[in-house]
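[1] coords please:
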Amino acid sequence: MIEFGVFLQHCVYETKIYDICNLQKRLMQTRVDFGQNVVKAAIDQWRDRLRSCVHAGGRHFEHIL
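    All right, here's what the predicted structure looks like:
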C-alpha cells in the first residue's frame, strides 16, 4: 500500500507549481478528487502508526512499522 503522503505529493506535484495560489488550488482540487477509499487508507495508516507509538511507549517506533 502506498503511503498517503507520497500519494498526495504525487498528485499535487504532478506538474510544475508556479506560485502559492497555484499550489493552494492544486491542494484543494486534489482533496476533491480523492475517493473515499484514499481517505480510509490514510486513516488506517494513521491508526497503525498510533498503535505502534503506544506499543513503543512513545519512544522511537519507525522500525516497528
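[2] from here on, contacts and neighbour counts on C-alpha atoms
    Will do.
[3] Three-state assignment for the residue of the chain positioned farthest from its centre, please.
    In the chain, counting by C-alpha atoms, centre = their mean, residue 57 sits farthest out from the average C-alpha position, at 23.8 Å. What DSSP: H, G, I helix; E, B strand; the rest coil gives for residue 57 is coil.
[4] mind checking how far it is from residue 49?
    In this view, residue 57 and residue 49 are 12 Å apart by C-alpha to C-alpha, to the nearest Å.
[5] One more: residue 9?
    20 Å.
[6] which helices and strands sit right next to the helix or strand bottoming out on mean pLDDT in the chain?
    Least confident helix or strand, the chain: helix 4-12 with a mean of 81, by mean pLDDT, DSSP states H and E. Applying 3 or more C-alpha pairs under 8 Å, 6 or more residues apart in numbering; DSSP states H and E, one finds that helix 4-12 contacts helix 20-33, helix 36-55.
[7] can you put those in a markdown table and add mean neighbour count and distance to residue 14?
    Compiled in a markdown table, those are given as follows (neighbours: other C-alpha atoms under 10 Å; distance: least, C-alpha to C-alpha, whole Å):
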| stretch | mean neighbour count | distance to residue 14 |
| --- | --- | --- |
| helix 20-33 | 13 | 10 |
| helix 36-55 | 14 | 17 |
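[8] which stretch in the ones you listed is the model least sure about?
    With a mean of 86, helix 36-55 has the lowest mean pLDDT of the helices and strands packed on helix 4-12.
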